[in-house]
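Visitor: turn this into a model:
(4 chains)
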2 protein chains.
Amino acid sequence: MDDLTLRQQEILGFLQIFSQEKGFWPSIREIRDHFGFNSTNAVVGHLRALENKGYITRIAGQARTYRITYENSEEPPAESLEVIDMPVYGNIAAGYPDGIEQGDAIDRIQVDINTAGIRRSRRSFALKVRGESMIDAGIFDGDMVIIEPALPNDGDIVAALIDGATTLKRFIKPSNQPPYLKAENANYPDLHPVSELVIQGIARSIVRKL
Amino acid sequence: MDDLTLRQQEILGFLQIFSQEKGFWPSIREIRDHFGFNSTNAVVGHLRALENKGYITRIAGQARTYRITYENSEEPPAESLEVIDMPVYGNIAAGYPDGIEQGDAIDRIQVDINTAGIRRSRRSFALKVRGESMIDAGIFDGDMVIIEPALPNDGDIVAALIDGATTLKRFIKPSNQPPYLKAENANYPDLHPVSELVIQGIARSIVRKL
DNA sequence: ATAATCACTGTTAATATGTTCAGTGTCAAG
DNA sequence: CTTGACACTGAACATATTAACAGTGATTAT
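Guide: Now for the predicted structure:
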């Protein structure tokens, strides 16, 4: 199969996207307008090229009657990065993540361990962020944070259990002083542990749906 | 939803079958011929009825531009989390994503389509963000953005090709004016397309490693 | 230097296609 | 019996759409 020029690739891509988006094929004028051409003939030339090279089929003279011959293919099977499945919790009522029942999950997420930034075999989980306390760290309400149970170091963002609810805060461990939690939002005070600081895990990555 | 008469069901069925079979919609005359009518107006009446009852949508005056609103068929089998594999590009040197060589990918990412916010079977890809131009939208340098090729709407964050490099910007389409790109950072100016605006896709989600 | 390819502009022609207007016949409900 | 919904015929019209012809520049290969 002949290679396509840049422009031809763009036209083909537009055909595919438009068709998937709208459910029907674009007219030549619509293609022209999308690319900002002044002449329909610019489009005609490209369509003819695509047809000659075997990427599309058309019915001569008829409107919006395309068929894409060469789907630029499914992706190669890929060397499966290791994908793991984690539950997503809205809020962890109490206790250590170990004690959570599966039923408490509000969703599930599957990512490869590389992009999630976690190791396998460490019961990681995801947490749906509530509130704005980490807004200055770029973590917003509704974001999903992937948490790996681990011992925190100074500066890590952690999921911590405070008053029976889980929140996300930055873990600060000054030398020779007890650690405390810091919200990344000027309006929120630091949290010095009154009794006990239960860290459920370290935030390794965040996922936000736009 | 109003019930359909027998004839209307037949017409609707033919629309679906024809479209599935051929990949495009039939013209009114083709529908007429299939049912053996002698007048195109017989078809027009039924189409109007189908539209009034909310089963289809059409674009007035335009050829073969249907959309079936109410699928009287079966739903897609339910959402078993489907994991797909996407390439990650550092920078798309030029051209449409179609034209990118596999080798240009700097990494791969695997997520389920639900958390990625994309549909399957649409050559989606991920882009490593460079620069601070979207910082006010909570997208930072080094973040990974999952892009789905699609036609942008006003306000979408898009991957756009500018001067041979891909950047992330917000797509603004004022009514009756040409669209432009807006950076979400007070220090960056709006980008009004000098010549041509190539949108490579819409940002559906972001992934950040902490 | 010449030719060939690519990406277009601008105009015009031909026809594919949707739409409207004015009717006919059937059937069931009030 | 009249009314209205339904399913159509037949003809005419407007325009959406494809397609052809004649060029212009820029770039690249020969």
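
Visitor: what residues does chain A have near DNA strand D?
Guide: Residues of chain A lying near DNA strand D by Cβ under 7 Å from any atom of the strand: A:27-30, A:39-41, A:44, A:47, A:58, A:60-64. Every C-beta, even on glycine, is put in place using the N, C-alpha and C of the backbone.

Visitor: identify the bridge partners of A:R208.
Guide: B:I206 (DSSP bridges).

Visitor: ok, now which ones touch it?
Guide: Going by Cβ atoms under 8 Å, 6 or more residues apart in numbering or on different chains, A:R208 touches A:140, A:142-144, B:138, B:205-206, B:208.

Visitor: can you tell me how far the nearest residue in space to A:W25 that is not next to it in sequence sits from DNA strand C?
Guide: On the basis of Cβ to Cβ, 6 or more residues apart in numbering or on different chains, the spatially nearest residue to A:W25 that is not a chain neighbour turns out to be A:R64, at 4.2 Å. Going from A:R64 to DNA strand C by Cβ to the nearest atom of the strand, to the nearest Å gives 7 Å.

Visitor: again with A:V83
Guide: Shown here: A:V83 relative to DNA strand C, a distance of 39 Å by Cβ to the nearest atom of the strand.

Visitor: C-terminal to the longest helix along chain A, what's the next element?
Guide: When chain A is parsed with DSSP state H, its longest helix is helix A:6-22. Next in sequence after helix A:6-22, counting helices and strands by DSSP states H and E, comes helix A:28-35.

Visitor: which residues of chain A score low on pLDDT?
Guide: A:1, A:70-81, A:91-104, A:121, A:163-165, A:193-196 (pLDDT under 70).

Visitor: domains of it?
Guide: A:6-68, A:83-207 (automatic domain parsing).

Visitor: need these in a markdown table with mean neighbour count, can you?
Guide: Converted to a markdown table, the domains of chain A look like this (neighbours: other Cβ atoms under 10 Å in any protein chain shown):
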| stretch | mean neighbour count |
| --- | --- |
| domain A:6-68 | 17 |
| domain A:83-207 | 17 |
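
Visitor: need the ones you listed in JSON lines (columns: distance to B:H34).
Guide: Output for those, formatted as JSON lines (distance: least, Cβ to Cβ, whole Å):
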{"stretch": "domain A:6-68", "distance to B:H34": "15"}
{"stretch": "domain A:83-207", "distance to B:H34": "45"}
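
Visitor: right, and those domains - which one's nearest B:N52?
Guide: Closest to B:N52 of these is domain A:6-68 (Cβ to Cβ; 19.5 Å).

Visitor: ends of the closest one, what's the gap?
Guide: The separation between the terminal residues of domain A:6-68, taken as Cα to Cα, to the nearest Å, is 18 Å.

Visitor: likewise for stretch A:172-180?
Guide: In stretch A:172-180, first residue to last residue: 5 Å (Cα to Cα).

Visitor: quick check, that stretch touching chain B?
Guide: No. Against chain B, stretch A:172-180 shows no contacts by Cβ under 8 Å from any Cβ of the partner chain, the least distance being 15.5 Å.

Visitor: what's in contact with that stretch?
Guide: Contacts for stretch A:172-180 (Cβ under 8 Å, 6+ apart): A:152-155, A:171, A:181-182, A:190-193, A:197.

Visitor: quick one: residues contacting A:L50.
Guide: A:4, A:8, A:11-12, A:56.

Visitor: those residues also near chain B: which ones?
Guide: Among the contacts of A:L50, proximity to chain B is found for A:4, A:12 (Cβ under 8 Å from any Cβ).
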